[in-house]
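Asker: build me a structure from this.
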Amino acid sequence: MKSSKYYILTIVLFLLVIAGVFYVSSAKKDIYLQRGKTSYEKHCANCHGKNGEGLQLLIPPLTDPKWVNNDSIVCIIRNGLEGNITVNGNPYNSRMTSNYTIENDEMADLISYIRHEFTKKPQRIKLKEVSEQILKCK
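Answerer: Presented below is the predicted three-dimensional model:
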């Protein structure tokens, strides 16, 4: 009888630990997404819209996973973009200015937020990846 009580107690404790791990990882996720949202509202929403929808055929939306899940998004944010591009099948030829004021950790949160909120394939980008991509930017 005692062994079954210990067995049940062990299972309950195990489940509590697992629940705690999920809660902590969810809280961390919420923090970086909240920081990313704040950064998006500060640096991007004026042009790309509150929901990343863009501005008709003037400013591209941020809903195309081919663009926002690509490593080149780091260089686009840092150095800007100029020239003809196609996003979601539509042509755009506007100029996005560079932004050297965004620190790498803020950029990681910003890109993760954009990917999470505006694409169906959310991929988190970590600070290390952003730092590596910055070094590859031309």
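Asker: how near is the residue nearest the centre of the chain to Leu58?
Answerer: The centre of the chain sits closest to Ser112, judged by Cα atoms, centre = their mean, with a distance of 1.0 Å. Ser112 sits 26 Å away from Leu58, going by Cβ to Cβ, to the nearest Å. C-beta coordinates here come from the backbone N, C-alpha and C atoms, glycine included.
Asker: same question for Thr86.
Answerer: 14 Å.
Asker: need the strands for this structure, in chain order.
Answerer: 85-87, 90-92 (DSSP state E).
Asker: ok, the last one: who's next to it in the sheet?
Answerer: Spelled out, it's strand 90-92. Here strand 90-92 is paired, per DSSP bridges, with strand 85-87 (antiparallel).
Asker: which positions in the strand it pairs with come out as buried?
Answerer: Buried residues in strand 85-87, defined by neighbour count with 16 or more other Cβ atoms under 10 Å: Ile85, Val87.
Asker: got the contact list for that strand?
Answerer: Applying Cβ atoms under 8 Å, 6 or more residues apart in numbering, the set of residues contacting strand 85-87 from outside is Gly54, Pro60, Pro61, Asp64, Trp67, Pro91, Tyr92, Asn93.
Asker: what sits against the fourth one?
Answerer: By that I understand Asp64. Asp64 makes contact with Val87, Asn88, Thr119 under the criterion Cβ under 8 Å, 6+ apart.
Asker: the third one now?
Answerer: Contacts were defined as Cβ under 8 Å, 6+ apart; by that measure Pro61 touches His48, Gly49, Gly52, Glu53, Gly54, Val87, Asn88, Phe118.
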